[in-house]
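Peer 1: how does the following fold in three dimensions:
(chains A and B)
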Amino acid sequence: MPDNPAGDPPGCGELRAEDAGREVTLYGWVQRRRDHGGLLFVDLRDRTGIVQLVFDSESSGELFDVAETLRSEYVVKVGGEVVRRDPANVNPALKTGEIEVRVKSLEILNRSKTPPFYIEDGIQVDENVRLRYRYLDLRRPENYRRLEMRHRMVKLIRDYLDGCGFLEIETPMLTRSTPEGARDFLVPSRTSRGSFYALPQSPQLFKQLLMAAGVQRYFQIARCFRDEDLRADRQPEFTQIDMEISFLGRERLFAIVEGMMACLFREILGRELALPFPRMTYREAMERFGSDKPDLRFGMELVDCSEPARESEFKIFRDALEKGGVVKALRVPGKGGASRKELDDLVKLAVAFGAGGLAWMARQEEGWRSPIAKFFSPALLDRIGELTEAAPGDLLLFAAGEAAVCHEVLGRLRLHLAPEELSPEPHFLWVVDFPLFEYDAAEKRLNAAHHPFTAPHEDDLHLLETEPLAVRSQAYDLVLNGVELGSGSTRIHRREVQMQVFNLLGLSEAEAMEKFSFLLEAFDYGLPPHGGIALGLDRLVAFFTGDESIRQVIAFPKTAAGSCLLTGAPAPVEPHQLQELGIAVKSAAKDGGPAR
RNA sequence: GGAGCUGUGGUGUAGCGGUUAACAUGCCGGCCUGUCACGCCGGAGAUCGCGGGUUCAAUUCCCGUCAGCUCCGCCA
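Peer 2: Next comes the predicted model:
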C-alpha cells in the first residue's frame, strides 16, 4: 500500500519476510484459532489479508490465558514482533506465510457471537442469510474486493471525465413526477398536502437544463429510482454514469465514452480495447440478430429464406409471405442430431416467445431430415442450404410471419442455443438509429421508444406527421456482450419539434405546458444543441467482477420483491407520520413482510 | 400480474406415509508445543417456513400462504 496522509502502519496481510524483527501493532478480526494446548495459533484478518499470530504458554502465561478465550470474529489489538518462520513451517498459501507475529500484548476490543456463516471466500450459503447479515457477508475478502473494484472504477471515471472537461453536478433527488416511463417512487409532501415529489428515474430533464445553463459538459454518478419489478440485473435503485454535452454531436460523445471504456480496461484489466467500437443500426441488429442488443461473441445470424420459401409448397410459409411477412432461419451448428423431444421443446419455447410455430430441418450427409422437406424441391433445398451455409449435422430453425415477431423469436432462440464457448474478447457495439416511436397496442397510441426528448433523425422529419412509426431517432445504445450498458440520444433543442413530438405522443399543448413548462421555457432562451448518455454503473462493475447479478456489486441490495433483508425496509410507519402527511392507508399489505 | 425452482439443527445437505430425523461443518467441554480447513475424545443443538386438508399416522401426499431465487409481462 502506498504512503498515505494517515501514515497507517502495514495491515495484517501486508507483512513480509523483510519485516522480520519489526515490532508491530495490529488490529483485526479473529479468523481462526488453532489451539495445541501449550501453543496457540490465531489467524488475524483485516481488509488487507491474514497473518498468523503465535501465543506460547511457556513465554507468556497470562497472555496465553486471554488468548485461549479468543473466538471467531473477536476484534483484537495485538502488539508483537514479526519473526521469520522456520523454513519447514512456511505456508506458501498465505502471502504472509513466511512470517508470523509473536504476540507480546493482546487486547480484546470486542467479542462476537458465533457468526451464522464463515467469513471466508467461496462459501455456499443462502443469499437470504447473507443479505440478512450483509455486514458479515461484506467482511468476506471477495466482497471487499467488489467494493474496492467499484470504488476504483468510479474514481477512474471521475478522473477521466474531469480530464475531458466535464463538471460533476448533483441534481435533485426530490423532483417532479413526469408522465410516461417507469413507475415513479413517490414521496409525499408535508408542506403541500396531497402533493408528491418523485424520486428521479434519471436526471434527464435536469441535465438538459444544465445544458441550457451553459455548463456544456456535465456528468454525475447518479442514483436513479424505478418502481418496477426486479431482475438479476435490475434493482429499484441503481446508479448511472450520467453525461451530457452541448454543441458537439454524437461522434464526440461516442469518442468520449469509448475513451472511458478503454481507460477502464487498461487500468483495471491491463488490456487495450480496439477503438472505435463497431456500429450497427437498430434495423440491422434486428434483422441479423433478432435483438436490439446483439451478443456478438458468437455468430448464428438470422438468414432470410423468404425467396426459396415463396417457391415452396409449404402453405404456412406461403401464407406468411403473402401477408407481407418473412421466413427467416436460424442455423444451429452441430445440432442436427437433436432428438424429437429436444425439437418439440424448441417449438414450445418458440411459441412461448410469441411464434405461431417453428419449423425445422436437419441437414444430413445425404439430404435433409425434416417434416417439411417434402414441400421443397431439391433445388429449393439446395438454395436454403446455400443461403444458410448449413453443413451436414447442422439444424435450421424457421420462423414465418410478421418480421418483428420472427426476429424476436429467433433472436431469443439464438441466445437460448448459444454455444457454451464464447469469444473471450469483450464485444462492444453501438446500436444506432432506433425508431423514435413504438406503438402501444393496449393504449392504442404512440410511445416514445427512448424518451420524449430524443431528436428525430434529420432525414425522417418529413415522416413525422404521415408515418411516425417509420421515423428513426437519434437515439443510441452501448452494448457489451449482449448486455445493454447504456443508452442516450441527441436531444431535441427546438421548441416546435419538441411540441410536435409531444403532440404525437398524445400530449396536448396545455398538458405539455402543465408537465414540462420549465423545460419548454428553457427552449425559448437559447438552449444549445446537446445530447448525452447514461451508462449503468452496476452492470459495468458486474462485468469487471464477473458477477451475474448486480446485487453482488451493490453494498446493500434489495431482494426480488424490493425488500431489504437487513433493515426490513419497506416497513409501516407511525400513524402520526401519516397524519402529518394527510395520508390514510386503505388496507395494509399482506402480513409477513420481509423475513428478518 | 403470470410461470418455474427452493425452504429440514447456526450453516450446507441427506431422508422417508410409521426413523431415536442422518451426515458434514460450526458450537461447547476435555486432551494436545508447529499448526495453518490442526488432530483426538466427549457433548449440546431441529416443534422439518407457516396454516389447513387427506390419513389410524404427515417432515414426507394435497391445497393455500409467506419468504428467497430465476424468467415472462413491466423497466420512456
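Peer 1: from here on, contacts and neighbour counts on C-alpha atoms
Peer 2: Will do.
Peer 1: contacts for stretch A:532-543, please.
Peer 2: A:149-150, A:153, A:233, A:238-245, A:253, A:485-491, A:548-550, A:552-554 (CA atoms under 8 Å, 6 or more residues apart in numbering).
Peer 1: and stretch A:452-471, what's buried?
Peer 2: A:452-457, A:461, A:464, A:468-469, A:471 (16 or more other CA atoms under 10 Å).
Peer 1: out of the contacts of stretch A:532-543, which end up buried?
Peer 2: A:149-150, A:153, A:238-245, A:253, A:485-491, A:549-550, A:552-554.
Peer 1: quick one: which of those sit in strands?
Peer 2: Counting by DSSP state E, the part of those found in strands is A:238-245, A:485-490.
Peer 1: taking the residues you listed, tell me the two that lie furthest apart.
Peer 2: Put simply, by CA to CA the two of these set farthest apart are A:Phe238 and A:Thr490, 23.3 Å from each other.
Peer 1: pLDDT value on A:Ala588, please?
Peer 2: Looking at A:Ala588, its pLDDT is 56.
Peer 1: so for the longest helix along chain A, mean pLDDT?
Peer 2: Ranked by residue count under DSSP state H, the longest helix found in chain A is helix A:141-163. Averaged over helix A:141-163, pLDDT sits at 97.
Peer 1: what is the distance between it and the centre of its chain?
Peer 2: 15 Å (CA atoms, centre = their mean, to the nearest Å).
Peer 1: give me the contacts around whatever helix or strand comes next after it.
Peer 2: Later in the chain than helix A:141-163, the nearest helix or strand by DSSP states H and E is strand A:167-168. Applying CA under 8 Å, 6+ apart, the external contacts of strand A:167-168 come out as A:161, A:215, A:217-220.
Peer 1: then stretch A:331-349?
Peer 2: A:300-302, A:357-359, A:361-364, A:388, A:390-397, A:413, A:417.
Peer 1: where does pLDDT dip in chain A?
Peer 2: A:1-5, A:587-596 (pLDDT under 70).
Peer 1: so how far is A:Glu509 from the residue in the stretch 301-450 of chain A positioned nearest to RNA strand B?
Peer 2: Residue of the stretch 301-450 of chain A nearest RNA strand B, by CA to the nearest atom of the strand: A:His450 (3.1 Å). The gap separating A:His450 from A:Glu509 is 21 Å, by CA to CA, to the nearest Å.
Peer 1: hmm, back to that, quick check: the farthest pair among the buried residues of stretch A:452-471?
Peer 2: Largest pairwise distance in the buried residues of stretch A:452-471, by CA to CA, is 16.3 Å, between A:Phe453 and A:Leu469.
Peer 1: contacts only, for A:Phe206.
Peer 2: With CA under 8 Å, 6+ apart, A:Phe206 has these contacts: A:Thr171.
Peer 1: did I read that right, it in a helix?
Peer 2: Yes. With DSSP: H, G, I helix; E, B strand; the rest coil as the criterion, A:Phe206 is part of a helix.
Peer 1: and it, how far from RNA strand B?
Peer 2: 10 Å (CA to the nearest atom of the strand, to the nearest Å).
Peer 1: repeat that for A:Asp43.
Peer 2: 7 Å.
Peer 1: identify the residues contacting the closest residue to that residue other than its chain neighbours.
Peer 2: Once flanking residues are discounted, A:Asp43 sits nearest to A:Gln52: 4.6 Å by CA to CA, 6 or more residues apart in numbering. A:Gln52 sits next to A:41-44, A:96-97, A:99-101 when contact means CA under 8 Å, 6+ apart.
Peer 1: one more pass at 7 Å, please.
Peer 2: A:41-44, A:100-101 (CA atoms under 7 Å, 6 or more residues apart in numbering).
Peer 1: can you pick the most crowded of those?
Peer 2: A:Val101 (30 neighbours; other CA atoms under 10 Å).
Peer 1: hang on, that one in a strand?
Peer 2: Yes. A:Val101: assigned to a strand according to three-state DSSP.
Peer 1: who does it bridge with?
Peer 2: A:Leu53, A:Val82 (DSSP bridges).
Peer 1: quick one: contacts for it?
Peer 2: A:52-54, A:80-83 are the contacts of A:Val101 under CA under 7 Å, 6+ apart.
Peer 1: of those residues, list those near RNA strand B.
Peer 2: A:52, A:54 (CA under 7 Å from any atom of the strand).
Peer 1: which of the contacts of A:Val101 lies closest to A:Asn110?
Peer 2: Among the contacts of A:Val101, and counting by CA to CA, the member closest to A:Asn110 is A:Leu53, at 17.8 Å.
Peer 1: OK, contacts around that closest one?
Peer 2: A:41-44, A:100-103.
Peer 1: ok, now with 10 Å
Peer 2: A:12, A:30, A:33, A:40-44, A:78, A:80-82, A:99-103 (CA atoms under 10 Å, 6 or more residues apart in numbering).
Peer 1: ditto for A:Tyr218
Peer 2: A:161-162, A:165-170, A:207-208, A:210-211, A:242-246, A:532.
Peer 1: make a ChimeraX selection of the buried ones in the residues you listed.
Peer 2: If you want just the buried ones from the contacts of A:Tyr218 in ChimeraX, going by 16+ other CA under 10 Å, the selection is:
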select /A:161,166,167,168,207,208,210,211,242,243,244,245,246,532
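Peer 1: now A:Gly259: how far from A:Gln474?
Peer 2: 21 Å.
Peer 1: wait, A:Glu100 touches A:Glu23, no?
Peer 2: No. Applying CA atoms under 10 Å as the test, A:Glu100 and A:Glu23 come out as separate, 11.7 Å apart.
Peer 1: where do the contact lists of these two overlap?
Peer 2: A:80-83.
Peer 1: turn those into TSV, including distance to A:Glu228 and neighbour count.
Peer 2: TSV is the format used below for those (distance: CA to CA, whole Å; neighbours: other CA atoms under 10 Å):
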residue	distance to A:Glu228	neighbour count
A:Gly80	55	20
A:Glu81	56	19
A:Val82	55	23
A:Val83	57	19
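Peer 1: which one of the residues you listed is nearest A:Phe64?
Peer 2: Among the shared contacts of A:Glu100 and A:Glu23, and counting by CA to CA, the member closest to A:Phe64 is A:Gly80, at 13.5 Å.
Peer 1: that closest one contacts A:Glu23, correct?
Peer 2: Yes. A:Gly80 lies in contact with A:Glu23 (CA under 10 Å); the separation is 5.6 Å.
Peer 1: name the residues contacting each of these two.
Peer 2: With CA under 10 Å, 6+ apart as the test, A:Gly80 and A:Glu23 both reach A:101-104.
Peer 1: of those residues, which is the most crowded?
Peer 2: Result: A:Val101 is most packed of the shared contacts of A:Gly80 and A:Glu23 (other CA under 10 Å), 30 neighbours.
Peer 1: now do that one against A:Asp292, distance only.
Peer 2: 58 Å.
Peer 1: A:Leu410 now?
Peer 2: 13 Å.
Peer 1: list residues touching both of those two?
Peer 2: If you check A:Leu410 and A:Asp292 against CA under 10 Å, 6+ apart, the residues they both contact are A:Met286.
Peer 1: what is the burial count for A:Ser370?
Peer 2: 14.
Peer 1: gap between it and A:Leu40?
Peer 2: Taking CA to CA, one finds A:Ser370 at 72 Å from A:Leu40.
Peer 1: before we move on, what about A:Cys164?
Peer 2: For A:Cys164 relative to A:Leu40 (CA to CA), the value is 56 Å.
Peer 1: and those two? Which one has more around it.
Peer 2: Per other CA under 10 Å, whichever of A:Cys164 and A:Leu40 has more neighbours is A:Leu40, with 17 against 13.
Peer 1: quick one, phi psi at A:Ala400?
Peer 2: Dihedral pair for A:Ala400: phi -130, psi 140, per degrees, to the nearest 10.
Peer 1: residues contacting it?
Peer 2: A:305-306, A:309, A:316-321, A:325-329, A:355-359, A:406-407 are the contacts of A:Ala400 under CA under 10 Å, 6+ apart.
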